[in-house]
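Asks: compute the structure for the input listed below.
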Amino acid sequence: MDGIARVTLITGAASGIGAALARRLAAPSVGIVLHSGGSTAESRSRLDGVIAACRELGAQCLITHGNLMEAGHGELAVRAAIDHFGRLDQLVHCAGHVDKTPIGELTRGGLDRSIALMPGALLELATAALPALASSGAGRIVAVSSFIAHKFEPRTLAPASAIAKAAMETLVRCLALSLANQDITVNAVVPGFTRKDAGKAGTLSAQGWIEAAARTPTGRLNETEEVAAAIQFLLSAEARQITGALLHVDGGLTLG
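Replies: Just a heads-up that it's a prediction; the model follows:
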């Protein structure tokens, strides 16, 4: 598409970190593909709000929907981006969920769903996007992990999610090494407790947020904009020599 200098595909773009990132990246000559797995009226309304904000800042936007737990939907999202804009330069995988089913109750099927949504979808998205990212000359892939893959304690233990996030971080390193000679960098951000939209998965009670802030060495929660800023840096030209990194945005949470 004429006049577009950069195209970014963001999964999990209807709310939270994905939505904050879309708003940060929005500018004239920028194309943003916002993917959401949600099909509810509320989810679509949130996504419409993100689209409106991005377009107001001059970006050209495309919406895609699909359940990334199911094989093929990641490839469809990539194909939609390329068909619409004629290119794809950056891929950010924010989509995820929190499954706190304890060991002893967690089934293989439950674990499989988390694996499919996080490392599984990232692998499918990256594989489908590889030719476009390589031709970009400065391809970027960023995955959003979580502190739960590094800090284990009864209050925050979500085994399926922790396992899936840890596997995704390993995949990030494998992709980084494999794609480095194609001018594609692959990194992950590792957020700590991050304030979420009300009603979203993983949202804590008011008291829970207070306790989470108290457990963070800096004494406060992440804002989604702070995590989005870290991702934006990893997508930038200034970060072209950074690949295979895990950038912790957690206020020191995983240091102890």
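
Asks: where does the prediction get shaky in the stretch 51-200 of the chain?
Replies: 197-200 (pLDDT under 70).

Asks: need the strands for it, in chain order.
Replies: For the stretch 51-200 of the chain, strands defined by DSSP state E, counting those that start in this stretch occupy the ranges 60-65, 90-93, 139-144, 184-191.

Asks: mind checking how far the residue nearest the centre of the chain is from residue 144?
Replies: Residue closest to the average C-alpha location in the chain (Cα atoms, centre = their mean): residue 94, at 1.6 Å. Noted for residue 94: a distance of 5 Å to residue 144, by Cβ to Cβ, to the nearest Å. For glycine as for every other residue, the C-beta is placed from the backbone atoms N, C-alpha and C.

Asks: ok, the nearest residue to residue 245 once chain neighbours are set aside - contacts?
Replies: Excluding the flanking residues, the one nearest residue 245 by Cβ to Cβ, 6 or more residues apart in numbering is residue 187, at 4.8 Å. Applying Cβ atoms under 8 Å, 6 or more residues apart in numbering to residue 187 gives the contacts 141-143, 172, 176, 234, 239, 242-247.

Asks: swap in residue 74?
Replies: 11, 66, 68, 121, 124-125, 128.

Asks: next one: residue 116
Replies: Counting by Cβ under 8 Å, 6+ apart, residue 116 has contacts 68-71.

Asks: same thing but at 7 Å, please
Replies: residue 69 (Cβ atoms under 7 Å, 6 or more residues apart in numbering).

Asks: can you check residue 159 too?
Replies: Per Cβ under 7 Å, 6+ apart, neighbours of residue 159: 103, 106.

Asks: distance check, it against residue 94.
Replies: 21 Å.

Asks: correct me, but the residue nearest to the centre of the chain touches residue 143?
Replies: No. Checked against Cβ atoms under 7 Å, the pair residue 94 and residue 143 is beyond contact range at 8.3 Å.

Asks: does residue 227 touch residue 191 like I think?
Replies: Yes. Using Cβ under 7 Å, residue 227 is in contact with residue 191, at 4.8 Å.

Asks: mind checking which of the contacts of residue 187 are buried?
Replies: Using 16 or more other Cβ atoms under 10 Å as the burial test, those include 141-143, 172, 176, 234, 239, 243-247 as buried.

Asks: of those, which belong to helices?
Replies: 172, 176, 234 (DSSP state H).

Asks: report the contact partners of the first one.
Replies: So the one you mean is residue 172. Per Cβ under 7 Å, 6+ apart, neighbours of residue 172: 143, 186-188, 244.

Asks: for residue 110, see how far away residue 47 is.
Replies: 27 Å.

Asks: neighbour count winner among the two?
Replies: residue 47 (23 against 14; other Cβ atoms under 10 Å).

Asks: can you give the distance of the host helix or strand of that one from its chain's centre?
Replies: Assessed by DSSP states H and E, residue 47 sits inside helix 41-56. In terms of Cα atoms, centre = their mean, to the nearest Å, the centre of helix 41-56 is set 17 Å apart from its chain centre.
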